[in-house]
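Student: take this sequence and fold it.
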Amino acid sequence: MRLLRTLFLSALVTGCAVGPNFKRPAPPPDQDYGRAPVSGETQGSSGAGGPAQRFLAGRDIPADWWRLFRSEPLNELVTQALKDNPDVAAAQAALRQANELYAAQRATLFPTLQGGFSAQRAKNAVGTIANPTNLPQQNPYYNLFTAQLSLTYTPDVFGGTRRAIEITQAQADATRFQLEATYLTLSSNVVVTAVQEAALRAQIAATERLLAVQQQLTRTVEGQKGYGTASQLDLFAQQAAEAQTRATLPPLDKQLAQTRDALTALLGRLPSQEPSATFRLEDLTLPEDLPVSIPSHLIEQRPDVRQAEANLHAASAAVGVAIADMLPQFSLTAQTGSTALQISQLFTSYTGFWGAGASLTQTLFDAGALLHRKRAGDAALDEAGAQYRAAVILACQNVADTLHALKADAETLNAAVAAEQAASGAFEIARQQRTLGTISTVALLNAEQTYQQAVLTVVQARANRYADTAALFQALGGGWWNRPGGASR
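Tutor: Here you go, the predicted model:
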């Protein structure tokens with residue numbers, strides 16, 4: 001017993017815990033994203049959304065990065081979404097729950113003290129058993145009152161309890177980063193949806209103008225057919241072109257309506273509570289300075305990677321719990337109290353009692369259940385490790401894809417603007433020639449049609465630059481670490 005007590009106290013003092021001690025995975029050694037640009041600048045072009053964007057390696061990201069688009073209505077909508085969206089409320093509630101579960105698990109390190117009081121009235125079978133009160137048997141009825149305190153303590157000899165606490169702490173960290181991911185995804189979705197709305201409005205305006213040109217062309221061909229200078233085939237061809245242009249409007253209107261519904265839902269509202277603010281591309285400013293974090297910093301910034309790391313931590317601690325379950329289990333108990341036939345006699349002389357005990361339990365046979373649980377924990381740890389690596393790869397891929405997209409967007413817009421300028425110049429010359437009577441109305445309308453189609457291409461290219469810029473801020477983590485109350489890094 002002396003040896004057992006010595007080993008027991010030694011285990012408590014050293015605070016050993018079985019199982020692997022968690023170590024954060026090493027960050028990626030890479031300093032770039034392959035062929036994706038991490039410095040320099042993109043091409044620039046004239047007009048709104050055309051400035052060159054500079055990639056600045058190591059530049060920090062503001063917590064309210066959406067303000068870089070310099071749109072006060074957009075700022076207000078993001079603020080409202082972060083306040084009222086039910087996904088945020090659910091994530092906040094989940095974090096509160098995780099923190100409370102962690103606090104509850106920490107309490108298992110301490111003894112449990114319970115108090116109890118019982119009152120009993122009984123009748124003694126005087127003809128068959130002795131009087132339990134040891135008093136002269138006059139009345140078979142008696143009362144019995146008992147008050148007691150019970151102390152239970154399970155020493156954490158092998159650290160299983162501490163590993164369980166480690167699990168709940170890691171789960172709370174994972175939930176905290178899930179909340180940050182919710183903030184990031186929501187703010188990004190609001191910005192991208194606003195950009196999509198602005199692009200759709202510009203496309204609808206250009207398409208309506210293009211349709212007006214087509215209608216004028218149709219009327220012109222009809223007049224020419226009446227004069228015999230155009231055939232029925234020419235008229236059918238022009239009517240088909242007009243119908244095809246008209247057919248592109250309903251899908252655009254549908255997309256705009258659905259985009260407005262999506263924006264309303266992001267604000268945590270029903271469709272009937274659509275916000276009054278509307279968006280147009282000319283009301284947005286394209287951020288020119290873009291931060292680019294190297295992979296070793298990126299994994300610190302991405303909430304999904306940090307969540308995967310916390311899950312890996314929890315899986316590591318679970319292996320320790322499984323190992324501790326295979327080892328002897330210790331328990332200490334103690335109780336004290338008083339029992340009397342009258343309440344007034346409680347805690348008087350000769351009514352007190354106490355008891356103390358210790359136990360050691362070791363599973364001798366369970367058909368391998370504990371061993372299989374330990375092996376399952378090892379497999380879960382391997383799974384969490386693979387998921388962490390996948391999260392790191394996805395994070396780096398997201399950044400690389402967005403950098404490629406931004407470079408291509410700038411080149412596309414540059415080419416689209418050049419085509420628009422050429423089409424605009426051709427249209428202007430055609431108008432002058434039509435004024436002089438050197439070309440037909442059909443030629444003028446064809447020139448305007450080409451110009452409006454070029455305008456549509458520019459609108460789409462400009463919207464892609466705005467949307468992919470927002471995607472870059474999302475891919476880099478969104479700057480949550482600079483927000484007051486953000487998750488601890």
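Student: any idea how far stretch 62-79 is from the chain center?
Tutor: 19 Å (CA atoms, centre = their mean, to the nearest Å).
Student: what does it contact?
Tutor: 187, 190-191, 194, 263, 267, 275, 277, 279, 283-287, 466, 470, 473, 478-483, 486 (CB atoms under 8 Å, 6 or more residues apart in numbering). C-beta coordinates here come from the backbone N, C-alpha and C atoms, glycine included.
Student: just the buried ones from these?
Tutor: With neighbours counted by 16 or more other CB atoms under 10 Å, the contacts of stretch 62-79 contain buried members at 187, 190-191, 194, 263, 267, 277, 279, 283-284, 286-287, 466, 470, 473, 478-481, 486.
Student: so who does residue 20 touch?
Tutor: With CB under 8 Å, 6+ apart, residue 20 has these contacts: 316, 319, 320, 381.
Student: now these as TSV including distance to residue 168 and neighbour count?
Tutor: Converted to TSV, these look like this (distance: CB to CB, whole Å; neighbours: other CB atoms under 10 Å):
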residue	distance to residue 168	neighbour count
316	14	23
319	15	22
320	13	25
381	17	20
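Student: out of these, who's nearest residue 369?
Tutor: residue 319 (16.0 Å; CB to CB).
Student: and the gap between the closest one and residue 155?
Tutor: Separation of residue 319 from residue 155 (CB to CB, to the nearest Å): 21 Å.
Student: and for residue 49, nearest residue in space, chain neighbours not counted?
Tutor: residue 462 (3.9 Å; CB to CB, 6 or more residues apart in numbering).
Student: and what of residue 44?
Tutor: residue 52 (3.5 Å).
Student: tally up the residues packed near residue 63, please.
Tutor: Per other CB atoms under 10 Å, the neighbour tally for residue 63 reads 17.
Student: could I get the pLDDT score of it?
Tutor: We have a pLDDT of 93 for residue 63.
Student: how about it, secondary structure?
Tutor: With DSSP: H, G, I helix; E, B strand; the rest coil as the basis, residue 63 sits in coil.
Student: quick check on it: phi, psi?
Tutor: phi -60, psi -40 (degrees, to the nearest 10).
Student: so what's the closest residue in space to residue 17 that isn't next to it in sequence up against?
Tutor: Spatial nearest neighbour of residue 17, chain neighbours left out: residue 159 (2.5 Å); criterion: CB to CB, 6+ apart. Residues near residue 159 by CB under 8 Å, 6+ apart: 15, 16, 17, 18, 19, 320, 324.
Student: how about low-confidence regions in the chain?
Tutor: 1-15, 127-138, 487-489 (pLDDT under 70).
Student: so the residue positioned nearest the centre of it versus residue 78, what's the distance?
Tutor: Closest to where the C-alpha atoms of the chain average out (CA atoms, centre = their mean) is residue 181, at 2.7 Å. Distance of residue 181 to residue 78, given as CB to CB: 16 Å.
Student: what does residue 462 give?
Tutor: Counting by CB to CB, the gap from residue 462 to residue 78 is 21 Å.
Student: residue 192 contacts residue 473, doesn't it?
Tutor: No. The criterion here is CB atoms under 8 Å, and residue 192 misses it with residue 473 at 10.6 Å.
Student: who's in contact with residue 24?
Tutor: Contacts of residue 24 by CB under 8 Å, 6+ apart are residue 309.
Student: next, it: secondary structure please.
Tutor: coil.
Student: for the protein, what spans make up the strands?
Tutor: Remark: strands assigned in the chain by DSSP state E are 40-41, 54-57, 112-123, 141-153, 289-292, 329-340, 352-361.
Student: closest one to residue 397 among those strands?
Tutor: strand 289-292 (14.6 Å).
Student: just the ones of the contacts of stretch 62-79 in helices?
Tutor: Under the assignment DSSP state H, these contribute 187, 190, 191, 194, 263, 466, 470, 473 to helices.
Student: farthest pair in those?
Tutor: 263 and 473 (18.5 Å).
Student: name the residues that touch stretch 33-41?
Tutor: 32, 52-57, 292, 294-295, 396, 399-401, 403-404, 407.
Student: selecting buried members of those residues in PyMOL, what would you type?
Tutor: A single PyMOL command selects the buried members of these (16+ other CB under 10 Å):
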select buried, resi 53+55+292+294+295+396+399+400+401+403+404+407
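Student: residues contacting residue 448?
Tutor: With CB under 8 Å, 6+ apart, residue 448 has these contacts: 213, 427, 430.
Student: number of residues surrounding the nearest residue to residue 265 once chain neighbours are set aside?
Tutor: The shortest distance from residue 265 to any non-neighbouring residue, by CB to CB, 6+ apart, is to residue 271 (7.8 Å). For residue 271, the count of nearby residues is 10 (other CB under 10 Å).
Student: kindly report the same for residue 158.
Tutor: Applying other CB under 10 Å, we find 22 residues neighbouring residue 158.
Student: what of residue 276?
Tutor: 5.
Student: re the thing from before, from the contacts of residue 448, which is closest to residue 121?
Tutor: residue 213 (100.4 Å).
Student: so how far is residue 201 from residue 402?
Tutor: 25 Å.
Student: more crowded one of the two?
Tutor: More neighbours surround residue 402 than the other of residue 402 and residue 201, with 24 against 18 (other CB under 10 Å).
Student: stretch 435-454: how far from the chain's middle?
Tutor: On CA atoms, centre = their mean, the centre of stretch 435-454 falls 52 Å from the chain's centre.
Student: now stretch 480-489
Tutor: On the basis of CA atoms, centre = their mean, stretch 480-489 sits 14 Å off its chain's mean C-alpha point.
Student: pretty sure the residue nearest to residue 265 contacts residue 258?
Tutor: No. Between residue 271 and residue 258 there is no contact, the gap being 10.3 Å when judged by CB under 8 Å.
Student: ok, and the closest non-adjacent residue to residue 358?
Tutor: Nearest residue to residue 358 in three dimensions, chain neighbours excluded: residue 332, at 5.2 Å (CB to CB, 6+ apart).
Student: can you pull the contacts of the one you found?
Tutor: Counted by CB under 8 Å, 6+ apart, residue 332 has contacts 151, 152, 153, 154, 155, 356, 357, 358.
Student: that one bridge partners, please.
Tutor: Here residue 332 sits in beta bridges with residue 153, residue 358, going by DSSP bridges.
Student: for residue 53, see how far away it is.
Tutor: 67 Å.
Student: now do the helices in the stretch 151-300 of the chain.
Tutor: Counting by DSSP state H, counting those that start in this stretch, one finds helices in the stretch 151-300 of the chain at the ranges 160-227, 232-247, 249-266, 295-301.
Student: with the stretch 351-489 of the chain instead?
Tutor: Using DSSP H, counting those that start in this stretch, helices in the stretch 351-489 of the chain cover 369-436, 441-475.
Student: quick one: closest of those to residue 206.
Tutor: helix 441-475 (4.6 Å).
Student: quick one, that closest one and helix 160-227 angle?
Tutor: 180 degrees (axes from the mean of the first three to the mean of the last three CA atoms, to 10 degrees).
Student: residue 151 and residue 112 touch, don't they?
Tutor: Yes. Residue 151 lies in contact with residue 112 (CB under 8 Å); the separation is 7.3 Å.
Student: brilliant, that's me finished.
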